[in-house]
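*Asks:* What follows is a predicted structure for the sequence shown.
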Amino acid sequence: MTNQKTIEVLQFFVDALTNGANAHMLQGKVFGALGFGKLAEKYKAHYDEEMGWVSQFLDRIADLGGETKLGAQEPIAVVKNPVAYLEMELKAQAEGVALLRKCMGEIADDYTTLDILKAYLKDEEEDLYWMEAQKELIGLIGEQNWLLQQL
């Protein structure tokens with residue numbers, strides 16, 4: 001394995017995570033404007049956390065002699081329905097965790113980067129479990145009761 005493969009994997013996550021973090025910041029603002037204060041705070045905190053990972057990934061790219069950069073970002077759609085957004089996020093999160101695991105296999109002999117990605121995976125799995133629990137809660141108490149909890 002060369003450093004180039006590790007740099008490519010990290011750069012992929014820098015770009016994807018920056019875009020995702022910006023989406024969370026935007027959604028937090030949307031949910032806050034709609035009166036869902038708890039969701040607004042959740043997604044603001046999620047933005048901050050994700051940008052912390054971006055910073056770590058950029059630092060590791062620099063350590064490996066790579067060029068730190070930010071690739072093109074995807075357009076961000078606004079979703080006003082919190083339940084619809086949760087369902088969309090849950091699907092994306094599950095796919096992201098699977099992709100992260102695959103990428104970890106590709107750089108497994110770079111122990112330093114692997115340790116960083118293991119910590120990131122743990123964080124992403126916690127987010128996935130939270131989303132799954134929220135979906136289950138919606139099923140148990142109903143959408144309107146769940147939305148009331150998010151005010």
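*Replies:* Happy to help now that I have it.

*Asks:* give the contact list for residue 150.
*Replies:* 31, 36-39, 82 (CB atoms under 8 Å, 6 or more residues apart in numbering). Where you see a C-beta, it was placed from the backbone N, CA and C, and this is true even at glycine.

*Asks:* In helices, which of the residues you listed appear?
*Replies:* 31, 37-39, 82 (DSSP state H).

*Asks:* Out of the contacts of residue 150, which two sit at the greatest distance?
*Replies:* Taking CB to CB, the two most distant members of the contacts of residue 150 are 37 and 82; they sit 11.7 Å apart.

*Asks:* which one of those two has more residues nearby?
*Replies:* residue 82 (22 against 12; other CB atoms under 10 Å).

*Asks:* From residue 20, how far out is that one?
*Replies:* Using CB to CB, to the nearest Å, residue 82 is found at 17 Å from residue 20.

*Asks:* Next: residue 143.
*Replies:* With CB to CB as the criterion, residue 143 and residue 20 are 24 Å apart.

*Asks:* And residue 116, by the same measure?
*Replies:* 17 Å.

*Asks:* same question, residue 108
*Replies:* 24 Å.

*Asks:* go on, residue 118?
*Replies:* Distance from residue 118 to residue 20, by CB to CB: 19 Å.

*Asks:* And these two? Which one has more around it.
*Replies:* residue 20 (21 against 12).

*Asks:* Apart from its chain neighbours, what residue comes closest to the more buried one?
*Replies:* Distances taken as CB to CB, 6 or more residues apart in numbering put residue 50 closest to residue 20, at 6.2 Å, once the chain neighbours are dropped.

*Asks:* can I assume that neighbour is in contact with residue 24?
*Replies:* Yes - assessed by CB atoms under 8 Å, residue 50 is found in contact with residue 24 at 6.7 Å.

*Asks:* Could you list which residues are in contact with residue 46?
*Replies:* 21, 24, 28, 127.

*Asks:* Please tell me how far residue 65 sits from residue 81.
*Replies:* For residue 65 relative to residue 81 (CB to CB), the value is 45 Å.
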